[in-house]
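A.B. asks: generate a structure from the sequence data that follows.
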Amino acid sequence: MHAEARFPEGPNSRLVNLMTIARHDITAENNNAVIEELWHGRAMLLVPAEPMKKNAPPGSKGVTFTHAPVIEGKVTLFAFTCEAAVLSFVKEDTQCMGFPSGELLTYCLSNGIGAVVVDPNTPNEVYLGLTPKP
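C.D. replies: I've put the predicted structure just below:
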């Protein structure tokens with residue numbers, strides 16, 4: 001991971017705590033608290049991405065997501081709450097960019113990304129399926 005500056009993990013402490021609680025006490029209420037924090041909280045997520053080359057298409061936010069495979073028929077984006085989670089998942093040198101979680105999810109919904117996995121391959125992994133509203 002290229003790191004020009006340290007990723008500010010402080011805003012993610014609430015999200016990480018909620019993810020831990022939901023993992024240990026699997027209830028709809030705890031899962032909804034995680035989802036609410038992702039959509040409306042202060043969390044920042046690291047996403048393997050790089051600035052788009054010149055002449056970015058309108059609405060593209062000027063980035064290219066570099067790790068967005070199709071899993072079970074859905075374009076799936078991997079996102080991380082901290083640098084350690086990135087390093088435990090991505091084995092090659094990877095550039096990441098930080099995004100406010102709600103803004104990222106809104107962008108994903110409007111650009112064909114069908115799922116986001118937060119902190120994949122960690123004990124707190126969260127899978128969030130995204131369904132565009134008609």
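A.B. asks: quick one: find the helix or strand in this protein with the lowest mean pLDDT.
C.D. replies: Sorting the helices and strands of the chain by mean pLDDT, DSSP states H and E puts strand 63-65 at the bottom, at a mean of 77.
A.B. asks: strands paired with that one, and their directions?
C.D. replies: strand 44-51 (antiparallel) (DSSP bridges).
A.B. asks: mind checking how far the partner strand is from the chain centre?
C.D. replies: 8 Å (C-alpha atoms, centre = their mean, to the nearest Å).
A.B. asks: now swap in stretch 114-133 and tell me
C.D. replies: With C-alpha atoms, centre = their mean, you get 7 Å for stretch 114-133.
A.B. asks: now tell me what touches it from outside.
C.D. replies: Stretch 114-133 is contacted by residues 16, 19-20, 22-23, 34-35, 38, 45, 71, 73-81, 85, 88-89, 104-105, 108-110, 113 when judged by C-beta atoms under 8 Å, 6 or more residues apart in numbering. From N, CA and C alone the C-beta is placed, and that goes for glycine too.
A.B. asks: send me it as PDB with only the CA atoms.
C.D. replies: Extracted as PDB, the C-alpha positions of stretch 114-133 are listed here (Å, rounded to 0.1, in the frame of the first residue of the first chain):
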ATOM      1  CA  GLY A 114     -23.600  -4.700  -6.200                       C
ATOM      2  CA  ALA A 115     -21.800  -5.300  -3.000                       C
ATOM      3  CA  VAL A 116     -19.200  -3.900  -0.600                       C
ATOM      4  CA  VAL A 117     -17.200  -6.100   1.700                       C
ATOM      5  CA  VAL A 118     -15.800  -4.100   4.700                       C
ATOM      6  CA  ASP A 119     -12.600  -5.600   6.200                       C
ATOM      7  CA  PRO A 120     -12.600  -8.800   4.200                       C
ATOM      8  CA  ASN A 121     -10.900 -11.900   5.700                       C
ATOM      9  CA  THR A 122     -10.900 -10.400   9.200                       C
ATOM     10  CA  PRO A 123     -13.100 -11.500  12.200                       C
ATOM     11  CA  ASN A 124     -15.200  -8.300  11.700                       C
ATOM     12  CA  GLU A 125     -15.900  -8.800   8.000                       C
ATOM     13  CA  VAL A 126     -19.200  -7.200   6.900                       C
ATOM     14  CA  TYR A 127     -20.900  -8.000   3.600                       C
ATOM     15  CA  LEU A 128     -23.300  -5.300   2.400                       C
ATOM     16  CA  GLY A 129     -25.400  -6.100  -0.700                       C
ATOM     17  CA  LEU A 130     -26.500  -3.000  -2.600                       C
ATOM     18  CA  THR A 131     -29.800  -2.900  -4.500                       C
ATOM     19  CA  PRO A 132     -30.500   0.200  -6.600                       C
ATOM     20  CA  LYS A 133     -33.900   1.700  -5.800                       C
END
